[in-house]
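A.B. asks: How does the following fold in three dimensions:
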Amino acid sequence: MDGISLGPLLIRWNGLLIALGIAMGALLAARQAKRRDYEPEIIYDLFLPLIVWGVLGARLWHILTPPLSSLELGLTTQYYFSHLVDSVAFWIGGFGIPGAWIGGTLALLYFARKNEFSFWELSDILAPGVALAQFVGRLGNYFNQELYGLPTNLPWKIFIDPAHRLNGFESVNFYQPLFMYEALLNFANMFFLLWLARRFNGILKTGDLFLAYLGFYSLVRFLLEFLRLDVSLVNGFNINQVFFAVVFICAGIGMVLRHRLVQKL
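C.D. replies: So this is what the prediction gives:
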């Protein structure tokens, strides 16, 4: 079953779970804002710009770095540029989390500057909620039969319909549930961030929680890309894996340098 039918309207499970994840993430972020003596309404003020810029960034990333499954359908970067209507038809092709990060970060920077808030404080507040939203949203990949990994005979293998298999794998039935690995690790990331915030409340600097989120998720994605079949290649390199490797290194260096500077002072 693809979704829930409401008369002529079909609400797809993937979209429903993404929306549910965003709502749950926003509620968690509102609670974190209250813990830090912020008005929870600040999260709801942020909600629309983060979603809009996050979606636009995610879509642009997909257009510039389409995965193999899109290329096999002819959905190349050149195709999108010559078919502008399809480039904004979000049900055609997909999205990329690196672009969502970039778009959401730019929106948060603008919001913080405009309203005279600390960008790092807001990013700390949002980090656990973002991890929760990613956990719930990733579950929707099951219904779309996407984000699966290498062929496997493990007990938790999943069956992929022939229509959703990549060229060269038409006769292979079972694959790694890559989406589930990422979902569970996103859930672990959320709990890790919440524990970190409480356990080291007096030690963490503003922004450390956000850097911890970036480092945790980037490491997860970097490692899972080794199992992924539907990769995005740029000049022969898995661009997503390269991106997350760079973010992981930068987050780690940023965390170390910030605390070393504090110790020296």
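A.B. asks: now the helices: where do they sit in the chain?
C.D. replies: Listed in chain order, the helices of the chain (DSSP state H) span 13-35, 41-64, 68-72, 77-82, 84-87, 97-115, 119-138, 141-144, 178-199, 208-224, 239-264.
A.B. asks: among the ones you listed, which is nearest residue 155?
C.D. replies: helix 178-199 (12.9 Å; CB to CB). The way it works is simple: take the backbone N, C-alpha and C, and place the C-beta from them, glycine included.
A.B. asks: Could you give the separation of the closest one from the chain centroid?
C.D. replies: Distance of helix 178-199 from the chain centroid (CA atoms, centre = their mean, to the nearest Å) equals 13 Å.
A.B. asks: Specify the angle between it and helix 119-138 in degrees.
C.D. replies: Helix 178-199 and helix 119-138 are oriented at 150 degrees to each other (axes from the mean of the first three to the mean of the last three CA atoms, to 10 degrees).
A.B. asks: what comes up buried for helix 178-199?
C.D. replies: 178-183, 185-187, 189-190, 192-194, 196-197 (16 or more other CB atoms under 10 Å).
A.B. asks: How about stretch 98-116?
C.D. replies: For stretch 98-116, burial by neighbour count (16+ other CB under 10 Å) applies to 98, 99, 100, 101, 102, 103, 104, 105, 107, 108, 111, 112.
A.B. asks: Please work out the average pLDDT along it.
C.D. replies: Stretch 98-116 shows a mean pLDDT of 95.
A.B. asks: returning to that earlier point: out of the buried residues of stretch 98-116, which comes closest to residue 171?
C.D. replies: Closest to residue 171, out of all of those and judged by CB to CB, is residue 98, at 32.7 Å.
A.B. asks: Count the neighbours of the closest residue to that closest one other than its chain neighbours for me.
C.D. replies: Distance criterion CB to CB, 6 or more residues apart in numbering; nearest residue to residue 98, sequence neighbours excluded, is residue 243 at 4.8 Å. Neighbour count for residue 243, taken as other CB atoms under 10 Å: 24.
A.B. asks: what bits of the stretch 1-150 of the chain have low per-residue confidence?
C.D. replies: Scanning the stretch 1-150 of the chain for pLDDT under 70 picks out the ranges 1-11.
A.B. asks: Against residue 33, how distant is residue 123?
C.D. replies: 12 Å (CB to CB, to the nearest Å).
A.B. asks: Sorry, slip of the keys, the one I care about is residue 157.
C.D. replies: For residue 157, the distance to residue 33 equals 41 Å [CB to CB].
A.B. asks: Likewise for residue 150?
C.D. replies: 41 Å.
A.B. asks: More neighbours: which of these two?
C.D. replies: residue 33 (23 against 13).
A.B. asks: Isn't the more buried one up against residue 43?
C.D. replies: Yes: using CB atoms under 8 Å, residue 33 is in contact with residue 43, at 5.6 Å.
A.B. asks: Identify the contacts common to the two.
C.D. replies: Residues touching both residue 33 and residue 43 by CB atoms under 8 Å, 6 or more residues apart in numbering: residue 125.
A.B. asks: residues in contact with residue 111?
C.D. replies: Listed by CB under 8 Å, 6+ apart, the contact partners of residue 111 are 45, 46, 49, 117, 122.
A.B. asks: Let's have those in JSON lines, adding distance to residue 225 and neighbour count.
C.D. replies: Conversion of the contacts of residue 111 to JSON lines gives the following (distance: CB to CB, whole Å; neighbours: other CB atoms under 10 Å):
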{"residue": "45", "distance to residue 225": "35", "neighbour count": "12"}
{"residue": "46", "distance to residue 225": "30", "neighbour count": "23"}
{"residue": "49", "distance to residue 225": "30", "neighbour count": "17"}
{"residue": "117", "distance to residue 225": "34", "neighbour count": "16"}
{"residue": "122", "distance to residue 225": "29", "neighbour count": "25"}
